[in-house]
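Colleague: Quick one, fold the following:
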Amino acid sequence: MNQITHPFERPRMRIATAAPAPHRALVALSKSVELDSTLRELVNLRASIVNGCAYCIDTHTKEARRAGESEQRLYALAAWRDSPLFSDRERAALALTDAITLISDEHVPRAVWDEAAAQFSDEELGQLLWAITAMNAWNRIAIATRMESPYQRPLMQAASS
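Modeller: You can find the predicted model right below:
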């Protein structure tokens, strides 16, 4: 009988131990961003969905709930363009998140930038850009090192037994 296998890997390295100074710098960058916590978590979660980062999806879904985000909007985030649940401001932030996250597709289209600039002051837009950039950096580190969320550990242990 064929045994079913899954593609989950154990963590490859603990980046905070292997490269502590850059890790602390990225933590500091992430904490320095001044953005509404609900919007920040929508951006973090959206970038993580686009990048396919299981660790960050898990973490930022929980953070979004703590920030007061509704389950319905969390479910709709994967298809935000087709959902009426997001404000124009949120939609501009999510479009910018998608464009920056998928920057090799068509860079950041002028229309996406102009809409974000219409919805956010220069200072807010600067904070939003850093939030998106930091989240994409975290996604790449988490995916490359196979970071393990403390929330996922019991589930992974149960699945492997």
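Colleague: Could you double-check that residue 101 sits in contact with residue 45?
Modeller: No: under the criterion of Cβ atoms under 8 Å, residue 101 is not in contact with residue 45, lying 11.7 Å apart. Every residue, glycine included, has its C-beta placed from N, CA and C.
Colleague: Compare the two (neighbour count), which wins?
Modeller: A direct count of neighbours by other Cβ atoms under 10 Å for residue 101 and residue 45 places residue 45 higher, at 27 against 21.
Colleague: what's the weakest-modelled helix or strand in this structure?
Modeller: helix 153-160 (a mean of 57; mean pLDDT, DSSP states H and E).
Colleague: which residues are in contact with stretch 128-139?
Modeller: Where contact means Cβ atoms under 8 Å, 6 or more residues apart in numbering, the residues beyond stretch 128-139 that reach it are 26, 29-30, 32-33, 35, 39-40, 43-44, 47-48, 51, 53, 56, 93, 96-97, 100-101, 116, 120.
Colleague: Among the residues you listed, which ones are in helices?
Modeller: The helices, defined by DSSP state H, take in 26, 29-30, 32, 39-40, 43-44, 47-48, 51, 56, 93, 96-97, 100-101, 116 from the contacts of stretch 128-139.
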